[in-house]
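K.L.:
The following block contains a protein sequence and its predicted model.
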Amino acid sequence: MKKITAILVVLSLLLAGLSCVALAETKLDVWTFWSKDWVKPALEEFTEGHPDVKVEYQQLTWSHGLDKITAAVSAGNAPDVVELGSTWMGQFVESQALSSLDVASAKDDYTGWLGATVKGEVYGIPWFGSTNVVYYNKELMEKAGLDPESPPDTWPEFKAASGSINDLGPGTSGYSLKIGGKFTTWQKFLPFAWSNGANVLSEDWSSAKLESKPFVEALQFYNSLKASSLVATQEEARQAFYLGRLGMIYDGPGLNIDKEAPDLEYVTSVLPRPDKPGAESIGFSGADFLTVPRQSKHVELATELALQLSRGNLISSHVNTLLPFYQEDLSELLEAHPELKSFAAAMENATSPPPHPRWVSIQEAITRAVEATLLGRGDPESNLAEAQKSVEKILQEYRSE
Amino acid sequence: MANRDKWSTFVLLSPWIVTFIAFSLYPVAYSLYLSFTKYNPLAGQAPRFIGLSNYLGILNDPAFWQAVKNTVIFVVGTIPVTTGIAIILAVFLNQRIRFRSFFRASYFVPVMTSVVVISTIFTYIYSPFGLLNSFLNLFGLPGRNWLLSTEFALPAIMVMMIWASFGYYTVLFLAGLQNIPQEIYESAEIDGANSVQQFFRITLPLLRPMLIFALVINTIRSFQIFSQIFVMTQGGPLGSTRTVVYYLYTMGFQKFKMGYASGIAYLLFLIILVFSVIQMKTLSYEEQFYGR
């Protein structure tokens, strides 16, 4: 009797399982870093057009998102659409974790494809990008006898401005040299090097260029700002700026003045350039892409959903300084927020680090050189010489693999 | 009948056995295997066997040795202090004092608080405009950016961890103290021993089993320090707070060298094993009484 019951139970379970499989619709998993409410319109529109497809959305966190994505991919459990930052693209493409996408029809409607293109294949849809500008505290500038209407344009002017704000008294700093963490140090420094005509790697990525004259000069100038600057982590520098204790900060979408210090008056401007003929201010641009992991069984559908998500200013309407790559959206955003034009302008002249598959290790070497210099451990030349050696070794290891 | 008992034992234990095998035993064994392979979890390819290359690479990796050094400093610097404070407080709380329950509870509060919350709060305390600097400024002392200093970042985290963990060991020692029969103290008093003598001749020796337990547990935990570093400094500045487990994490989850990271995990296991064996041998209870 017991046996029969057991067999019946097993059979009914099997049947239940089978019926689930039979009824299952196509399911797409979507992971991004944003609140579901923000992306909902796109998801709804997509399911309206595809009633047989079920979309499951998950929001990732910035602190653990990458770990979660990595774990899912290695477990063979990757989502169908996932948002990736520009600095992660190189590793993911090299590991062959992403599908190349057929986006020929959409290509002209977007900018920003470069960061997702490797050897002619496109691995992600450019969603939005951001760049940094220098924010100046208007009140401190005026107190220091500077004209907020014409913020510093060149390095010497910049350093002088930092000095005069710093001289306002203890508890007030001019500029902020931000260090610490995985990204802050190099992201805030490299624009100085780029503006000075320096590059991290040679064009064909065969050698490092950290000992080149423009690179060393840039770090020397950066270090010379130290006397009048607050050396702090990103969050500390932002707090200081909100509190009105900091004159100048190089920052982007993470600086939330409207919310944290609504009464603070400020002006923004692109990062100053070296005082030599032909020098241009080149900022750092980060971008986020919507990608489709190779493991997805529904690449075409996923691509369609990713395109849907990338339109309609879903994120940019909430965080204005994240500028959409979809051109129609961008013009709409700039019309509604003319103050963003300085960001759009900075964006045009901004660049990203080379998407080398070993960039994570390369950035560590640069971080080390910059932090050692700012913390008074050795001079720019010797620290960059050491970084040069490390990066050469990283490049060599990569080639030999 | 005996057979049936065996079965029911297994069935009743199975929830634990299954989860233990799936979430502890299997991962431990699998990572031992991974430590002999080259494996990029993103690539979707099977791990490739490369023999001892990972271990040789790690042993020649200066960053690994710096992490070992930082971790040993952390362990050696915090454990004696934590243990000392805990014993003194336990003896103090074992006496009939006013508000005893209040003190007992309040020392335990940090233990119940999440490490991430504690780390975040201390990040603010140590920041340039934080509580610590404001406090120092009251006395005219200069502040500094504690967590961005190569000399002070690690000690700052050590101080935080001592504060966060002594309550747990206080409770352990308190339990140990209450197992010491009161009669021993009474007879010592009749023999004329003062309280300092009582502490060193009676309390400490009889607390020994608990002391060994506390030291071994604390050593293992301290060698595995990770979350504090992850939240507060990410190993910086200049690697001065990079610990072994944090280094393992960067290798495995940022550079995707899972085999290398697994190798680090096994070397850490060896280091902890050696430390624990030394502690057990030198402090062993049996040796004290029967070994000579």
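P.N.:
Structure received.

K.L.:
Would you mind measuring from the closest residue to chain B within chain A to A:Ser269?
P.N.:
Going by Cβ to the nearest Cβ, chain B is nearest to A:Ser74 of chain A, at 3.0 Å. No exception for glycine: its C-beta is placed from N, CA and C like everyone else's. Distance, A:Ser74 to A:Ser269, using Cβ to Cβ, to the nearest Å: 44 Å.

K.L.:
ok, back up a step: could you check the pLDDT of the residue of chain A closest to chain B?
P.N.:
A:Ser74 is assigned a pLDDT of 84 by the prediction.

K.L.:
What about it, how many residues nearby?
P.N.:
19 (other Cβ atoms under 10 Å in any protein chain shown).

K.L.:
Run through the residues that contact it.
P.N.:
If a contact means Cβ atoms under 8 Å, 6 or more residues apart in numbering or on different chains, then A:Ser74 has B:41-42, B:44, B:258 as its contacts.

K.L.:
And for A:Leu230?
P.N.:
Per Cβ under 8 Å, 6+ apart, neighbours of A:Leu230: A:173, A:175-177, A:236-237, A:240, A:246, B:128.

K.L.:
Near chain B, which residues of the stretch 301-401 of chain A are found?
P.N.:
Residues of the stretch 301-401 of chain A lying close to chain B (Cβ under 8 Å from any Cβ of the partner chain) are A:360-361, A:367-368, A:371-372, A:375, A:377.

K.L.:
and stretch A:289-308, what's its mean pLDDT?
P.N.:
In this model, stretch A:289-308 carries a mean pLDDT of 94.

K.L.:
got it, and stretch B:235-251?
P.N.:
Per-residue pLDDT over stretch B:235-251 has a mean of 93.

K.L.:
can you pull the alpha-carbon coordinates of it into PDB?
P.N.:
The C-alpha coordinates for stretch B:235-251 follow below in PDB (Å, rounded to 0.1, in the frame of the first residue of the first chain):
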ATOM      1  CA  GLY B 235      43.200  47.400   0.300                       C
ATOM      2  CA  GLY B 236      44.600  50.900  -0.100                       C
ATOM      3  CA  PRO B 237      46.400  53.100   0.200                       C
ATOM      4  CA  LEU B 238      49.300  51.500  -1.700                       C
ATOM      5  CA  GLY B 239      48.300  48.100  -0.500                       C
ATOM      6  CA  SER B 240      48.900  48.900   3.100                       C
ATOM      7  CA  THR B 241      45.600  47.300   4.200                       C
ATOM      8  CA  ARG B 242      45.400  44.600   1.600                       C
ATOM      9  CA  THR B 243      44.900  41.300   3.500                       C
ATOM     10  CA  VAL B 244      45.100  37.800   2.200                       C
ATOM     11  CA  VAL B 245      41.400  37.300   1.700                       C
ATOM     12  CA  TYR B 246      41.000  40.700   0.100                       C
ATOM     13  CA  TYR B 247      43.800  39.900  -2.300                       C
ATOM     14  CA  LEU B 248      42.200  36.500  -3.000                       C
ATOM     15  CA  TYR B 249      38.900  38.400  -3.800                       C
ATOM     16  CA  THR B 250      40.600  40.800  -6.200                       C
ATOM     17  CA  MET B 251      42.300  37.900  -8.000                       C
END
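
K.L.:
Any part of it near chain A?
P.N.:
Yes. Applying Cβ under 8 Å from any Cβ, one finds stretch B:235-251 touching chain A at B:236-239.

K.L.:
Out of the residues you listed, which sit inside helices?
P.N.:
Among the residues of stretch B:235-251 next to chain A, DSSP state H puts none in helices.

K.L.:
among the residues you listed, which two are most distant?
P.N.:
Farthest-apart pair in these is B:Pro237 and B:Gly239; separation 8.0 Å (Cβ to Cβ).

K.L.:
Between those two, which is the more surrounded one?
P.N.:
Legend: neighbour count by other Cβ under 10 Å for B:Pro237 and B:Gly239, higher for B:Pro237 (27 against 19).

K.L.:
Tell me if I'm right that B:Gln66 and B:Gly239 touch.
P.N.:
Yes. Contact criterion Cβ atoms under 8 Å: B:Gln66 and B:Gly239 qualify, at 5.5 Å.

K.L.:
which neighbours do these two share?
P.N.:
With Cβ under 8 Å, 6+ apart, B:Gln66 and B:Gly239 have no common neighbours.

K.L.:
Just to be sure, which of the contacts of A:Leu230 are found in helices?
P.N.:
Applying DSSP H to those, the entries found in helices are A:236-237, A:240.

K.L.:
Considering only the residues you listed, which also neighbour chain B?
P.N.:
Contacts with chain B within these, counted by Cβ under 8 Å from any Cβ: A:236, A:240.

K.L.:
Select from the ones in helices among the contacts of A:Leu230 the one having the most neighbours.
P.N.:
Highest neighbour count within the ones in helices among the contacts of A:Leu230: A:Ala237, with 29 neighbours (other Cβ under 10 Å).

K.L.:
Spatially nearest residue to it (excluding sequence neighbours)?
P.N.:
Spatial nearest neighbour of A:Ala237, chain neighbours left out: A:Ser176 (3.9 Å); criterion: Cβ to Cβ, 6 or more residues apart in numbering or on different chains.

K.L.:
How about that neighbour: which residues does it bridge to?
P.N.:
A:Leu230 (DSSP bridges).

K.L.:
Much appreciated, bye for now.
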